[in-house]
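A.B. asks: What shape does this take:
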Amino acid sequence: MTSMPSMPYYIPLPTPTALLSSSITKDVGSLITQFDAFEPDQRYSFNRINTRGSHTYTWKIIEPRNAPPIGDLPQLIQDLINATWRYAEPSPDNKKGVVPRQRPQGIQIGARQQVAHGITIGTRGGTVPEGNDQFHPQVRPTHSEIETTFPNKTAIASDWNLFKVIERTNSITFRGDSRTPLAVIGAAGGFYPPNSRKDPFYLENNVYNEFKWYLKERYNRELTKEEFIAATKEVAVTMEQKSRIVDYMMWRKMTEKEAVHLGRMVESECLKGYMSTARSIDVSLFFATGYYSKPGWLYLTVVHGGFVVPFGQQNYWGSEEAEIAQWGPIPQERIVGFVHVEPHGIPDGPIFIRRSFRMNEPQAFEQTFKIMSGMLP
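C.D. replies: Have a look, this model is predicted:
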């Protein structure tokens, strides 16, 4: 006689079910055909849930059973590592008869020309606006939103070699978001990194604020939102307007070079190419509710080849969010669960789990379902 399994057998709620409020039903929509709705495990609750900043619990990495090999670093990151080291090596380029060494396509470390307020020094024709012919030391393209102890204080990121010591993993993670499942999984087709966003709201708020900071920090120049919008649309008549457009184009080139830098992503996600997820549910609840100010959603995601951001203020690229960063998007099929969250950070509805995830990843399902019901490490 064999013993019964110790883990409980969770029975989905009837679908569609009267237990779902009309608002949640509207937010889930046709996804109900791919996800089962479960009552939270009654053995746990969120009365004891850890609050952001305490970090008295150790959130372990939950690895999926079915995932592709992690593989090497993305080629773009490897190119930047190589380009950084080559840039520091003695160069024979100035020797007669020697073909100049070629850098990887699209990779440029440093600038060949100094640009003052968008007007290239030494350019033939045109005039340089008064006061713009001065040298202005380079600054970071985006500013840090957190206190850091990172060793790389240069204006342009140069410590690419640290990627070689960053742990990578396949994992089941959490992400908080204010958008509904129907918007994220249906309309958007998944989670996409900031550098792929082109919507007016993101451009006129996040991108504008960073470019405004950059101009002020480097040139001590002010920028209105109207001037910024005109520059992004390449609308220019006066020399000053043309200069602003060139400034913006040069700035976007710099942000592109740092889009893959993990340390700079930890400092500021604006225009970076990573999706931020966490193995810590308390951090995700904090962001789901906009710092405990409005309702939101807690999502369960599958990360492939993610970068494990070191926890705490260590000697390199650390954060206090138990973060696992996914380079590139998290497509809709790898969003495998979600639950509605009240403004004070407590889930208040059924836990929706993708049916295929429950079948293919039974152990990961058990662990994450208990966590979404309120279980702590």
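
A.B. asks: Every contact and neighbour count from this point should use C-alpha atoms.
C.D. replies: Will do.

A.B. asks: ranges for the strands of the chain?
C.D. replies: 35-38, 115-116, 119-120, 168-177, 190-191, 274-278, 296-308, 323-327, 330-331, 335-341, 351-354 (DSSP state E).

A.B. asks: how about those, which one is nearest Arg264?
C.D. replies: Arg264 lies closest, by Cα to Cα, to one member of the strands of the chain: strand 274-278, at 10.7 Å.

A.B. asks: orientation of that closest one relative to strand 323-327 in degrees?
C.D. replies: For strand 274-278 against strand 323-327, the angle by axes from the mean of the first three to the mean of the last three Cα atoms, to 10 degrees is 150 degrees.

A.B. asks: what packs against strand 274-278?
C.D. replies: Applying 3 or more Cα pairs under 8 Å, 6 or more residues apart in numbering; DSSP states H and E, we find strand 274-278 packed against strand 168-177, strand 323-327.

A.B. asks: Check which helices and strands the first one sits against.
C.D. replies: It refers to strand 168-177. strand 274-278, helix 281-288, strand 296-308.

A.B. asks: now that strand against strand 274-278, angle please.
C.D. replies: 80 degrees.

A.B. asks: next one: the shortest one
C.D. replies: Taking the same axes, to 10 degrees, one finds that strand 323-327 is oriented at 150 degrees with respect to strand 274-278.

A.B. asks: what lines up beside strand 323-327 in the sheet?
C.D. replies: strand 274-278 (antiparallel), strand 296-308 (antiparallel) (DSSP bridges).

A.B. asks: how about those, which one is nearest Phe135?
C.D. replies: That would be strand 274-278 among the strands paired with strand 323-327, by Cα to Cα, at 33.5 Å.

A.B. asks: what does that closest one rub up against?
C.D. replies: 173-175, 191-194, 259-260, 265, 284, 301, 321-330 (Cα atoms under 8 Å, 6 or more residues apart in numbering).

A.B. asks: how near is the nearest residue to Gly306 once chain neighbours are set aside to Thr301?
C.D. replies: The spatial neighbour of Gly306 that comes closest, neighbours along the chain excluded (Cα to Cα, 6 or more residues apart in numbering), is Gln326 at 4.7 Å. Per Cα to Cα, to the nearest Å, Gln326 is found 10 Å from Thr301.

A.B. asks: for Ala322, same thing?
C.D. replies: 15 Å.

A.B. asks: now the strands of the chain in a markdown table, with mean pLDDT?
C.D. replies: Shown next, in a markdown table, are the strands of the chain (pLDDT from 0 to 100):
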| stretch | mean pLDDT |
| --- | --- |
| strand 35-38 | 92 |
| strand 115-116 | 38 |
| strand 119-120 | 38 |
| strand 168-177 | 97 |
| strand 190-191 | 97 |
| strand 274-278 | 96 |
| strand 296-308 | 97 |
| strand 323-327 | 95 |
| strand 330-331 | 98 |
| strand 335-341 | 97 |
| strand 351-354 | 95 |
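
A.B. asks: For those strands, please prepare CSV with the additional fields mean neighbour count.
C.D. replies: Output for the strands of the chain, formatted as CSV (neighbours: other Cα atoms under 10 Å):
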stretch, mean neighbour count
strand 35-38, 22
strand 115-116, 20
strand 119-120, 19
strand 168-177, 24
strand 190-191, 19
strand 274-278, 25
strand 296-308, 25
strand 323-327, 25
strand 330-331, 18
strand 335-341, 25
strand 351-354, 24
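
A.B. asks: so which of the ones you listed gets nearest Met254?
C.D. replies: Among the strands of the chain, strand 115-116 comes nearest to Met254, with 12.7 Å by Cα to Cα.

A.B. asks: And stretch 220-231, what's buried?
C.D. replies: Neighbour-count burial for stretch 220-231, counted by 16 or more other Cα atoms under 10 Å, picks out Leu223, Glu227, Phe228, Ala231.

A.B. asks: Quick one: residues in contact with it.
C.D. replies: Counting by Cα under 8 Å, 6+ apart, Glu204, Tyr208, Lys212, Leu215, Lys216, Ala236, Gln241, Arg244, Ile245, Tyr248 sit against stretch 220-231.
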